[in-house]
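# I'd like to go over a predicted model; first the sequence, then the structure.
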Amino acid sequence: MNIPLQNRPIEVPADQSCVTSEFEIEAGHRYRFQVEGLWIDAKDPLTGPEGLPHPGGIRERLGGAKRLPEAAWMALLVRTKGPAGKSPWRLLGRGDGVWSDLPPGRLQFCANDVLGFYWNNSGKMEVRVVDVTQGG
Ligand SMILES: [Ca+2]
């Protein structure tokens, strides 16, 4: 059994509305994600990649405006950008489980915030992606 190579972590700063990584998802492969980090939106509480369901204040009424309305504020989102275009944003969070259904393409990440309101975010996530197709 091959030991999967550890890739350098992908840095996802909270204040960037879309981070495109060098990592290419290949069709038919299986991946595990390892996510570490803390980030913060304005004066909300610090949060990990799972985000904050109810940060309070005005955001309680603006939830439908964020990138992925059904996911928590500041949750880590993922999609791929490939030959068929960009896939929809999906909740990655802490990256639990094995992922085998992302379309081929480069991984992209962002915090679940409203476009145009990334400027007041700070902190970052570090994402490691391991190809576990060979027996992981
Ligand atoms: Ca913000």
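Received, thanks.
# Going by C-alpha atoms from here, please, whenever you check contacts or count neighbours.
OK.
# Report the mean confidence score over whichever helix or strand E22 is part of.
Per DSSP states H and E: E22 is located in strand 19-25. Averaging pLDDT along strand 19-25 gives 96.
# Toward the C-terminus from it, list the very next helix or strand.
Sequence-wise, the next helix or strand downstream of strand 19-25 (DSSP H and E) is strand 31-41.
# Okay, buried residues for that following strand please.
With burial defined by 16 or more other CA atoms under 10 Å, the residues of strand 31-41 counted as buried are Y31, R32, F33, V35, E36, G37, L38, W39, I40, D41.
# bridging residues for the third one?
As for beta bridges, F33 partners with V129 under DSSP bridges.
# Contacts only, for it.
R94, G95, D96, G97, V98, V127, R128, V129, V130 (CA atoms under 8 Å, 6 or more residues apart in numbering).
# so the fourth one makes contact with Q34?
No - under the criterion of CA atoms under 8 Å, G97 lies out of contact with Q34, with a separation of 9.9 Å.
# now the worst-scoring helix or strand of the chain on mean pLDDT, how far from the chain's geometric center?
Across the helices and strands of the chain, mean pLDDT, DSSP states H and E gives its lowest value to helix 59-62, namely a mean of 86. Relative to the chain's own centre, helix 59-62 is displaced by 21 Å; criterion: CA atoms, centre = their mean, to the nearest Å.
# could you dump that helix to CSV, C-alpha only?
Output in CSV follows, covering the C-alpha atoms of helix 59-62 (Å, rounded to 0.1, in the frame of the first residue of the first chain):
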residue,chain,number,x,y,z
ARG,A,59,-26.5,38.8,9.8
GLU,A,60,-29.5,37.0,11.2
ARG,A,61,-31.6,38.6,8.5
LEU,A,62,-29.0,38.5,5.7
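# Is that helix in proximity to the ion?
No - against the ion, helix 59-62 shows no contacts by CA under 5 Å from the ion, the least distance being 10.0 Å.
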